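J.: no FASTA, just this:
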């Protein structure tokens, strides 16, 4: 956060934060917010953002999920994520949605 004097009688606050969009590839550092698994230096894809808690869900494509889940999705704080400029990926749910759209088009 920074404070700027814009006028002798007014002050402007600026907040320095950014919300990463879904599909952005990131490099992760450290454990997830629940301390389940250390994925340092691994590449993941932003799968969603929780406004309530401020956590990003990160999808790891080539890793098996926890507790029998098919996809590994862990939650991270913004400080633990380093975006890869220009790199995009597919979220965990995108392939399922595209598959259902193709099925609905073929059935017509």
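T.: Structure's in. What do you need? What you see is a predicted model; the values in this text were computed from it and never measured.
J.: need phi/psi at residue 28.
T.: Note on residue 28: backbone dihedrals following degrees, to the nearest 10 are phi -100, psi 140.
J.: spit out the contact partners of the closest residue in space to it that isn't next to it in sequence.
T.: Of all residues not flanking residue 28 in the chain, residue 39 sits nearest, at 4.8 Å (Cβ to Cβ, 6 or more residues apart in numbering). Where C-beta positions appear, they are placed from N, C-alpha and C, glycine not excepted. By Cβ atoms under 8 Å, 6 or more residues apart in numbering, the contact set of residue 39 is 28, 31, 32, 58, 60, 63, 74.
J.: and the fifth one, how many residues sit next to it?
T.: Going back to what we said before, that points to residue 60. The local packing of residue 60 (other Cβ atoms under 10 Å) involves 20 other residues.
J.: how near is the closest residue to it other than its chain neighbours to residue 39?
T.: Closest residue to residue 60 apart from its sequence neighbours, by Cβ to Cβ, 6+ apart: residue 72 at 4.4 Å. Per Cβ to Cβ, to the nearest Å, residue 72 is found 8 Å from residue 39.
J.: any common contacting residues for these two?
T.: 60, 63.
J.: give me the phi and psi for residue 66.
T.: Backbone torsions of residue 66, given as degrees, to the nearest 10, read phi -80, psi 150.
J.: ok now do residue 30, which residues does it touch?
T.: 38, 40, 80.
J.: where does it fall, phi/psi-wise?
T.: Main-chain torsions, residue 30, degrees, to the nearest 10: phi 80, psi -170.
J.: got it, and residue 86?
T.: phi 80, psi 0.
J.: and what of residue 83?
T.: Backbone torsions of residue 83, given as degrees, to the nearest 10, read phi -70, psi 140.
J.: same check on residue 90?
T.: The phi/psi pair for residue 90 (degrees, to the nearest 10) is phi -100, psi 130.
J.: for it, grab the count of nearby residues.
T.: By other Cβ under 10 Å, 14 other residues sit near residue 90.
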